[in-house]
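[1] coords please:
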Amino acid sequence: MEAGPGGQSEAWDFTVMPDSVLRIIESSPFIRIEEKMTAPAIMHQRFLKIAYTNNGADKAVTLSVRPLRGGSRKHTGFKTEQSVHTGQNFILINLNGKMKLEEGVVYEVEINDHGKQPLRLQFQTFNYF
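    Next up, the predicted model:
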């Protein structure tokens, strides 16, 4: 028996498309958190994007997220300390793996700067995939 010719190779070209999830997150706006709450905002792909103005000298604030209504008893909250500076702050927090979020449930974010009234924002999550 004779050995056949050696292996042959074929060149393939692939085009990698940009990640649409990253594009959704990058293009979604930062939601301004203020003293007056408005209608619930939409949070895309479990990424919380908040515009917060620090009018004091605080170096950190406590940020907490909890289900407000519509969720099951399985829902837990999330709490973290967030570094801030005086003036405008753009806070981006990935909640994937940190708490269970479900579409149709209203959640509340609270920012407490340890001196004034806490600021609150309501949101619902929307996942494209």
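[2] For the rest of this, base every contact and every neighbour count on C-alpha atoms.
    OK.
[3] Tell me which residue lies nearest the centroid of the chain.
    The structure's the chain has its C-alpha centroid closest to residue 47; by CA atoms, centre = their mean the separation is 1.4 Å.
[4] mind listing what it touches?
    Going by CA atoms under 8 Å, 6 or more residues apart in numbering, residue 47 touches 25, 92, 93, 94, 95, 96.
[5] now these: which count as buried?
    Taking 16 or more other CA atoms under 10 Å as the criterion, what is buried in those is residue 25.
[6] what's the closest of the contacts of residue 47 to residue 54?
    Nearest to residue 54, judged by CA to CA, of the contacts of residue 47 is residue 92 at 15.6 Å.
[7] looking at this, that closest one is in a strand?
    Yes: per DSSP: H, G, I helix; E, B strand; the rest coil, residue 92 lies within a strand segment.
[8] That one reaches residue 44, doesn't it?
    No: contact status for residue 92 versus residue 44: not in contact, 11.7 Å apart, counting by CA atoms under 8 Å.
[9] just the helices in this structure please.
    20-27 (DSSP state H).
[10] That concludes my questions; thank you for your assistance.
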